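Enquirer: Next comes the sequence, and after it the predicted model I'd like to discuss.
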Amino acid sequence: MQLQQSHLQKRIKVWEAMHLWASLYRKPVSQGEKLLDQLGLSEKRDAWFMTLSGGQQQRLFIALALINDPEVVFLDELTTGLDPQARRAIWELVRGIRTRGKTVFMTTHLMEEAERLCDRVAIIEHGRIIDVDSPRGLIDKHVPERSVSLTTEDARAEQCFRTLRSVIDVKHEATQFTIHGRGDGFITEVIQCLAEHQVRVGSFRTELPTLEDVFLKLTGHSIRD
């Protein structure tokens with residue numbers, strides 16, 4: 001288990017902490033050294049705990065939680081306060097745990113993290129699970145709408161888009177069009193419409209819903225403690 005907030009003795013060195021945890025689980029020291037390398041802490045192995053930055057301490061606690069190669073691991077806000085490089089390194093580490101057939105329970109406020117790493121996501125509000133499914137399943141269930149933004153000077157474009165079955169709404173300002181629709185075939189239909197009517201497009205961008213959109217729809221947009 002890796003907690004959101006933990007602490008060690010101020011003057012314990014990184015390598016001493018790893019060796020202590022390895023001895024508790026009767027694991028080889030080399031396993032701890034490998035984790036330090038994966039988490040970018042090799043250069044800090046001789047540093048005292050009190051000299052580590054918050055992100056470095058977080059990475060050390062993740063290493064200590066994984067040194068036993070557990071069947072089930074609980075990770076609480078595992079990348080809070082980390083820079084993008086450290087976050088990606090930890091994501092790869094979690095993926096490696098999964099590919100070895102281990103079970104990972106993680107809590108996170110980062111929807112991108114949950115969407116990238118989790119097979120199943122439970123959204124919790126006021127201590128209760130309000131829905132649980134795969135990331136894709138939650139998105140398809142709660143925010144099925146997609147949108148396409150494009151620019152064109154072709155006057156036929158709006159009428160062309162409104163004839164599509166998957167289109168819900170078409171908005172435009174001058175040459176800028178935003179088409180809202182739903183279903184997996186929506187974007188394909190828009191592209192086919194452009195091709196069939198030979199509509200010249202200046203720019204084209206798709207906007208797909210994310211797990212963050214699901215979270216906001218289910219829990220509301222107001223700021224909470």
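Expert: Sure, I can see it.
Enquirer: My read is that residue 22 contacts residue 35, right?
Expert: No. Look at residue 22 against residue 35 with C-beta atoms under 8 Å: they stay out of range, at 9.8 Å. Every C-beta, even on glycine, is put in place using the N, C-alpha and C of the backbone.
Enquirer: Quick check: neighbours shared by these two?
Expert: Taking C-beta atoms under 8 Å, 6 or more residues apart in numbering as the contact rule, residue 22 and residue 35 both touch residue 67.
Enquirer: and those two? which has more neighbours close in?
Expert: Neighbour totals were compared for residue 22 and residue 35, and residue 35 leads with 24 against 20 (other C-beta atoms under 10 Å).
Enquirer: Would you confirm that the more buried one belongs to a helix?
Expert: Yes. Residue 35 forms part of a helix when assessed by DSSP: H, G, I helix; E, B strand; the rest coil.
Enquirer: give the contact list for it.
Expert: 18, 63, 66, 67.
Enquirer: likewise residue 91?
Expert: 79, 113, 116, 117.
Enquirer: Check residue 121 too.
Expert: 114, 115, 132, 133, 134, 135, 138, 211.
Enquirer: Kindly indicate which of those residues lies nearest residue 183.
Expert: When the contacts of residue 121 are ranked by distance to residue 183 (C-beta to C-beta), residue 138 comes first, at 16.7 Å.
Enquirer: Please identify the helix or strand for that closest one.
Expert: Residue 138 belongs to helix 135-142 when assigned by DSSP states H and E.
Enquirer: Now that helix: buried residues?
Expert: 135, 138, 139, 140, 142 (16 or more other C-beta atoms under 10 Å).
Enquirer: Need the contact partners of that helix.
Expert: Under C-beta under 8 Å, 6+ apart, the answer for helix 135-142 is 114-115, 118, 121, 123, 131, 133, 209-211, 213-214, 217-218.
Enquirer: That'll do, ta.
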